[in-house]
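> only the shape, not the letters, is given here:
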């Protein structure tokens, strides 16, 4: 793989656009968030306000840990606002960051997805590890 | 979390604000409107007591009791006559009024007269009623169904919000405990308050024994003061009680309405416990014992 080539690719070129992953409204309940995640076959949902500003994320792993910790009835958990169980200050990357940088962040933090936000904190996409690896493998061929 | 207040009252009536760290509000009156004279007499008597106690008050009485156990029971004056009586109560005493309604088509007329519209507990998840209530643009008094969990009331709240109404008061009136029996789960107040809306305790319906008398409901009125003190100490923003000057002959809910001779006693205690609760909030802050992880 050409190091020059791979370092030239930006996150913006590889990220999933907004309609390809769950970018859910502030008042979405956990049950609906889980359904959205299932539909998109991703382990993350990004919670945004009406201006698409990123408010938090929930991920499969966080929910696994939550299910073992929360003592309330499951029916009560499912009707909670997803935002109540979200990570409010998630790691993000910018669309102009290099793919190599983003993948190294994912490797370092052991995560599969990175929300992509612009300079105003507005959600513009999602970088999914599979997609990133695909792009990097393409360069190797 | 409880950060919203609602204001009840349009036009020239006294405005009643219900919400976090506000004085306790009282919602009360005869269960059913029995007639103009009786309604005005009750309004005058309850108003005097509320002024003596120093508590803000919303007059409650319904024009159509659509959930009576027996087909032979009195079910009210009907919308036209009943709403006229409520308008007279407003005009004569400057008090905001509330009535429930059981058919979506009655929503606009109810909202035109009443300062607050009430969704009956049995209908608390009916989308058509909730939509009609929301569209009145009046504050909505939403009672938790006896069959509902407090967290599932959020679905009903969302139906109101989806129709543009975010002036909501959530009330507990007891939860079915087997057949013909209700209990009060005090955790329902903090749970329902997580919606962000104020919460209320309905003391008189909580002592009801639903349809325990075969074709009418029974009740254990002697427990009203105990439950009032407990609910208000737990933390509510309003107290709801049906009141009558002759409970034995009341045309609706005779076994649960509070005899007006005890109203001042109960309201006085309720106000005192609420003020103590506000003092505890000042001293110790909001409850944050074992915050949810």
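The structure has been received and is ready for your questions. Bear in mind the structure is a predicted one, so any value in this text is a computation, not a measurement.
> got the residues of chain A near chain B?
With the criterion set to CB under 8 Å from any CB of the partner chain, chain A comes near chain B through A:27, A:29, A:66, A:69-70, A:72-73, A:75-76, A:79-80. Heads up, the C-betas are built off the backbone N, CA and C, glycines and all.
> one more time with 6 Å
Chain A comes close to chain B at residues A:69, A:76, A:79, as judged by CB under 6 Å from any CB of the partner chain.
> ok, those vs chain B, which is closest?
residue A:76 (4.0 Å; CB to the nearest CB).
> are we agreed that the closest one is in a strand?
No: according to DSSP: H, G, I helix; E, B strand; the rest coil, the state of residue A:76 is helix, so it is not within a strand.
> please state the backbone phi and psi of the nearest residue to it once chain neighbours are set aside?
The spatially closest residue to residue A:76, leaving aside those adjacent along the chain, is residue B:151, at 4.0 Å (CB to CB, 6 or more residues apart in numbering or on different chains). As for residue B:151, its main-chain torsions (degrees, to the nearest 10) stand at phi -70, psi -30.
> and residue B:151, how many residues sit next to it?
Neighbour count for residue B:151, taken as other CB atoms under 10 Å in any protein chain shown: 20.
> and it, what does it touch?
A:76, A:79, B:191 (CB atoms under 6 Å, 6 or more residues apart in numbering or on different chains).
> re earlier: make a PyMOL selection of the buried ones in the residues of chain A next to chain B.
Buried members of these, defined by 16 or more other CB atoms under 10 Å in any protein chain shown, are picked up in PyMOL with:
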select buried, chain A and resi 76+79
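> let's have the residues of chain A next to chain B in TSV, adding pLDDT.
What follows is the residues of chain A next to chain B, written out as TSV (pLDDT from 0 to 100):
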residue	pLDDT
A:69	87
A:76	94
A:79	95
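> buried residues, stretch B:50-64. List them.
By 16+ other CB under 10 Å, the buried positions in stretch B:50-64 come out as B:50, B:53, B:55-64.
> so the closest residue to residue B:264 other than its chain neighbours: helix, strand or coil?
Closest residue to residue B:264 apart from its sequence neighbours, by CB to CB, 6+ apart: residue B:49 at 4.9 Å. Look at residue B:49: counting by three-state DSSP, its state is helix.
> okay, and for the chain, where does confidence drop off?
By default, I'm working from chain A. Residue ranges of chain A with pLDDT under 70: A:1-6.
> let me rephrase: I mean chain B.
Flagging of chain B using pLDDT under 70 yields the residue ranges B:1-2, B:293.
> any idea how far the residue nearest to residue A:76 is from residue A:29?
10 Å (CB to CB, to the nearest Å).
> and the helices in the stretch 1-150 of chain B?
Using DSSP state H, counting those that start in this stretch, the helices assigned to the stretch 1-150 of chain B run over residues B:36-53, B:79-93, B:107-113, B:127-135.
> deepest of those, which one?
helix B:127-135 (a mean of 21; mean count of other CB atoms under 10 Å in any protein chain shown).
> show me how far that one is from its chain's centre.
Offset of helix B:127-135 from its chain centre (CA atoms, centre = their mean, to the nearest Å): 18 Å.
> so what's residue A:29 bridging to?
Counting by DSSP bridges, residue A:29 is bridged to residue A:81.
> just give me the neighbour total for residue A:130.
10.
> excluding covalently adjacent residues, which one is nearest to it?
The nearest residue in space to residue A:130 (CB to CB, 6+ apart) is residue A:112, at 7.9 Å.
> can you give me the distance of the one you found to chain B?
23 Å (CB to the nearest CB, to the nearest Å).
> by residue count, tell me the biggest helix in chain B.
The residue-count maximum for a helix in chain B (DSSP state H) belongs to helix B:263-284.
> one step back: make TSV from the residues of chain A next to chain B and add distance to residue B:255 to it.
Formatted as TSV, the residues of chain A next to chain B follow (distance: CB to CB, whole Å):
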residue	distance to residue B:255
A:69	45
A:76	33
A:79	34
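> nearest to residue B:212, out of the buried residues of stretch B:50-64: which one, please.
Compare each of these with residue B:212 using CB to CB and the shortest gap goes to residue B:62, at 21.4 Å.
> how near is the closest one to residue B:74?
Per CB to CB, residue B:62 is found 11 Å from residue B:74.
> any residues in contact with both of these two?
Counting by CB under 6 Å, 6+ apart, no residue touches both residue B:62 and residue B:74.
> spatially nearest residue to residue 82 (excluding sequence neighbours)?
Just going to use chain A. residue A:33 (3.9 Å).
> can you look at chain B instead?
residue B:63 (2.3 Å).
> give the buried residues for the helix or strand containing residue A:104.
Assigned by DSSP states H and E, residue A:104 falls within helix A:99-109. For helix A:99-109, a neighbour-count test (16+ other CB under 10 Å) marks A:99-100, A:102-103, A:105-106 as buried.
> shared neighbours of residue B:151 and residue A:29, anything?
Shared contacts of residue B:151 and residue A:29, counting by CB under 6 Å, 6+ apart, come down to residue A:79.
> contact residues of the stretch 51-200 of chain B facing chain A?
With CB under 6 Å from any CB as the criterion, the stretch 51-200 of chain B comes near chain A at residues B:151, B:154.
> hmm, try it at 7 Å
B:149, B:151-152, B:154-155 (CB under 7 Å from any CB of the partner chain).
> of these, which is the most crowded?
Counting neighbours by other CB under 10 Å, the top entry in these is residue B:154, with 22 neighbours.
> nearest spatial neighbour of that residue, skipping sequence neighbours?
Nearest residue to residue B:154, sequence neighbours excluded (CB to CB, 6+ apart): residue A:79, at 5.2 Å.
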